[in-house]
Structure formats: structure tokens, C-alpha cells
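K.L.:
Pasting the sequence and the predicted model now:
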Amino acid sequence: MRVTQGMLNSNMLNYLNANNTRMSKYQEMLASGQKLNRPSDDPVAVGYAMRYTEQISRNDQYQRNIDAAMSNLDFLDTSLNQVNEVLKRARELAVRATTESMSIESRQAVAKEIHQLHDQLVGIGNTQFNGQYIFNGQKTDVQPYNPNDTNAMYDAADPGQIHYAVSDGITIPVNVSGERLFGSKVTPGNEATSDNVFAIMAQLEQDLLADNQAGISASLDKLDSRTSKVLDTWAEIGARGNR
């Protein structure tokens with residue numbers, strides 16, 4: 001085949017254009033800091049990059065969920081510690097009130113402190129974290145317990161759970177229902193036998209005011225039972241945090 005000067009010139013121009021195209025591509029990569037700027041650069045690599053970007057985005061969301069979950073669980077841990085301390089104090093007072101040497105006046109004074117402890121438990125039951133009621137299941141915008149007198153025992157907290165996704169296919173519950181922590185709501189007429197913590201405290205207060213030693217002694221078993229359930233729930237919250 002005869003090679004003409006025109007062919008040589010044409011090849012040189014093709015090579016120059018190709019070099020300019022590559023130079024423009026590298027300059028664009030240098031300016032953007034990215035190897036892939038459009039799908040045509042490398043369709044296969046772009047597919048991988050899109051999947052990696054999606055996974056990174058999911059991981060970032062999981063990390064935010066984990067941070068939020070830990071904040072909720074830490075706050076729950078503090079609240080359950082408060083409940084436990086209130087029940088411990090109530091039991092101490094009940095044990096002291098069972099002694100035969102205690103006067104009626106002294107038991108009435110204890111009853112006043114039990115009343116305050118009851119109100120403190122109601123306050124804990126209505127605790128908010130970031131503007132949400134933590135013991136009312138999924139109804140976080142509704143106050144679960146009536147703060148007036150002894151009506152809280154008749155209120156039912158929402159039993160729903162709130163789950164946060166912390167990895168692919170893995171969710172962690174970040175709340176505890178008041179139904180589980182404080183006991184199911186009381187049916188009128190069953191106040192004296194209920195396992196509801198508000199009912200237990202209210203009955204103990206009545207027995208103290210009435211100087212009913214048998215009733216005061218009976219409250220100890222109820223307090224122990226409810227405290228045991230609180231401790232079980234508290235341990236579960238710790239396990240969720242560790243996970």
C-alpha cells in the first residue's frame with residue numbers, strides 16, 4: 001500500500017486529537033478530584049461506585065441511629081435507676097413502720113413521705129426526653145399518667161415499642177412501656193390486690209394512716225415483686241446498650 005503525505009498528516013491529526021481528549025479527561029479528573037465524572041467514563045465502575053455510595057449513606061444513617069438509640073437507652077437507664085431508688089426508700093419506710101413500737105403519729109408522718117414518693121413515681125412515668133414521653137410506647141406526644149392524687153393507677157400506657165435500625169436487618173427497641181415498668185392499669189375494685197406500683201403506694205399510704213400493721217407488712221411483698229420486675233427491665237436496657 002502506498003503511504004502518502006496526506007495519510008501521514010491525517011494520522012498525526014488523529015493522534016493529536018486523541019491526546020487532547022485524554023488530556024481534557026485528566027484535567028477534568030484533576031479539577032474534580034474524581035476518576036468518574038460521567039457514566040461514559042467507565043460504565044462498570046460507575047455501577048460499583050453507585051452501590052458503594054448507597055452503602056456509605058446507609059452506614060452513615062445507621063451510625064446516626066446508633067447514636068440516637070444510645071442517647072435514649074442512657075436516659076432510660078437513669079430513669080429506671082430513679083424508680084429503683086424510690087422503691088428502695090418506700091420499702092425502708094414500710095419496714096420501719098412495721099415495728100410495734102412506732103406510734104400512730106409516726107406512721108402518719110411516714111404516710112406523708114409515701115405520698116410524696118408516689119407523686120415522684122408519677123413524675124418519672126411522665127418523663128420526657130427530647131420532648132417525647134418515654135414511657136408511653138409509640139404515643140410519645142401524649143402524657144401517660146394522670147398527675148392528680150391517686151388516679152395514675154387507672155391509666156394505661158401504650159404498649160408499643162420504638163425500634164431503631166442499627167444494621168442491615170437488625171433493629172433495637174429503644175423504649176420501655178409504662179405498662180411493663182409500673183404495672184397494668186387497675187380495674188376499679190381491685191386496688192388492694194393490684195401489682196400496679198401506683199396502687200401499691202396508695203394502699204401503703206392508706207394502711208399507714210389507718211395504723212394497719214398487717215396491711216403495711218403485706219405491702220413489703222408487693223414492693224419486692226415490683227422492684228424485681230424493675231430490676232429485670234433495667235438489666236435488659238443495659239443489655240441493649242451493650243449490644
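P.N.:
Done, it's in.
K.L.:
For the residue lying closest to Ser184 once chain neighbours are set aside, list the residues it contacts.
P.N.:
With Cβ to Cβ, 6 or more residues apart in numbering as the criterion, Ser184 has its nearest non-adjacent residue at 6.4 Å, and that residue is Asn196. The C-beta positions use only the backbone N, C-alpha and C, and glycine is treated the same way. In this structure, Asn196 makes contact with Met153, Phe182, Gly183, Ser184, Lys185, Val186, judged by Cβ atoms under 8 Å, 6 or more residues apart in numbering.
K.L.:
what does Glu191 give?
P.N.:
Glu191 touches Met153, Ala199, Ala202, Gln203, counting by Cβ under 8 Å, 6+ apart.
K.L.:
can you tell me how far it sits from Gly215?
P.N.:
12 Å (Cβ to Cβ, to the nearest Å).
K.L.:
quick one: the residue nearest to Ser184 from Glu179, how far?
P.N.:
Taking Cβ to Cβ, one finds Asn196 at 10 Å from Glu179.
K.L.:
do the same with Arg243
P.N.:
Between Arg243 and Glu179 the distance is 23 Å, computed by Cβ to Cβ.
K.L.:
Over to Lys229?
P.N.:
In terms of Cβ to Cβ, Lys229 sits 11 Å off from Glu179.
K.L.:
neighbour-wise, which of these two wins?
P.N.:
Between Lys229 and Glu179, Glu179 has the larger neighbour count (other Cβ atoms under 10 Å), namely 19 against 15.
K.L.:
Next, that one: phi, psi?
P.N.:
phi -60, psi -40 (degrees, to the nearest 10).
K.L.:
quick one: contacts for it?
P.N.:
Counting by Cβ under 8 Å, 6+ apart, the residues that Glu179 touches are Gly137, Ala156, Ala157, Pro159, Lys185.
K.L.:
what about the last one, which SS state?
P.N.:
The reference is to Lys185. Assigned by DSSP: H, G, I helix; E, B strand; the rest coil, the conformation of Lys185 is coil.
K.L.:
Number of residues surrounding it?
P.N.:
The local packing of Lys185 (other Cβ under 10 Å) involves 18 other residues.
K.L.:
Could you measure from it over to Asp211?
P.N.:
29 Å.
K.L.:
what's the weakest-modelled helix or strand in the chain?
P.N.:
Of all helical and strand segments in the chain, the minimum by mean pLDDT, DSSP states H and E falls on helix 5-32, at a mean of 67.
K.L.:
Without its sequence neighbours, what residue ends up closest to Asp95?
P.N.:
Rather than Asp, residue 95 is Val. Spatial nearest neighbour of Val95, excluding adjacent residues (Cβ to Cβ, 6+ apart): Leu220 at 6.8 Å.
K.L.:
same thing with Gly178?
P.N.:
Closest to Gly178 by Cβ to Cβ, 6+ apart is Ala157, at 3.2 Å.
K.L.:
same question, Gln132
P.N.:
Spatial nearest neighbour of Gln132, chain neighbours left out: Thr140 (3.7 Å); criterion: Cβ to Cβ, 6+ apart.
K.L.:
Next up, the contacts around the residue positioned nearest the centre of the chain.
P.N.:
Centroid check for the chain by Cα atoms, centre = their mean gives Val174 as the closest residue, at 2.7 Å. Val174 makes contacts with Ala68, Ala69, Asn72, Leu73, Leu76, Ile162, His163, Tyr164, Arg240, as judged by Cβ under 8 Å, 6+ apart.
K.L.:
which one of the residues you listed sits closest to Ala94?
P.N.:
Leu76 (26.7 Å; Cβ to Cβ).
K.L.:
next helix or strand past the host helix or strand of the closest one?
P.N.:
Here Leu76 sits within helix 43-97, counting by DSSP states H and E. Counting by DSSP H and E, the element after helix 43-97 in chain order, helix or strand, is helix 104-125.
K.L.:
Great, nothing more from me.
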